[in-house]
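Colleague: this one's sequence-less:
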Ligand code: PRP
């Protein structure tokens, strides 16, 4: 049995459609229910919905042989897994953004609100900027608007959320999209089937 972890939510649904188009179908996965685990006995595969941030944990520990995770989560968690393929779903960017009229004062510690403290830390460490990280769980745009932070490190897709809150991008940090990841020993022992999945995903 090959175990596959997909991120529950919009991105996971896009990725599931890629799997389904490649011939890997798990009936009921897109139904409006609370079920989390779906089996396809013919394929000898099991697919399950996992909170997006947790996909690398399931794959790193081998509960899932493969999974799909956003590059943002991989950069943040740096899991010991193989990143095998860019699934191209959910393309967006990690960026630093601030109020439209923001001017950085290098004399002051920069207050950075983010859901991705490691990405923010690494990014500002590379430029030697001293920062104070404020970790939040979503709706980050509020932080600079209300004065909780100077900047945010967040995901930008269309840019609408920034625009509608009078914020703009100062710098881009990374290109993001869903990636196919594999457990290292699973890739060793189940490499044939994993490579076949990759081939079919690329063909479809
Ligand atoms: C993400 C991200 C931005 C928004 C960017 O939030 O954190 O807020 O999408 O998209 P845009 O550039 O197309 O406007 P999400 O909707 O996932 O919710 P969250 O704020 O709760 O994380």
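Modeller: Received it, and whenever you're ready, just let me know what you need. Please read these numbers as outputs of a predicted model, since none were measured by experiment. Numbers count the residues shown, from 1 in each chain.

Colleague: Settle this for me: residue 9 is touching residue 50, isn't it.
Modeller: No. Between residue 9 and residue 50 there is no contact under C-beta atoms under 8 Å: 10.2 Å. The C-beta positions use only the backbone N, C-alpha and C, and glycine is treated the same way.

Colleague: how far away is residue 91 from the ligand?
Modeller: From residue 91 across to the ligand, the span is 11 Å (C-beta to the nearest ligand atom, to the nearest Å).

Colleague: So which residue is smack in the middle of the protein?
Modeller: Ranked by distance to the mean C-alpha position of the chain (C-alpha atoms, centre = their mean), the top residue is residue 70 at 2.1 Å.

Colleague: what's near enough to touch that residue?
Modeller: 7, 11, 52, 90, 176-179 (C-beta atoms under 8 Å, 6 or more residues apart in numbering).

Colleague: which one of those sits closest to residue 107?
Modeller: residue 176 (32.3 Å; C-beta to C-beta).

Colleague: Would you mind listing what in the chain touches the ligand?
Modeller: 138-141, 154-161 (C-beta under 6 Å from any ligand atom).

Colleague: Out of the residues you listed, which sit inside strands?
Modeller: For the residues of the chain next to the ligand, the ones inside strands are 154-156, with DSSP state E as the criterion.
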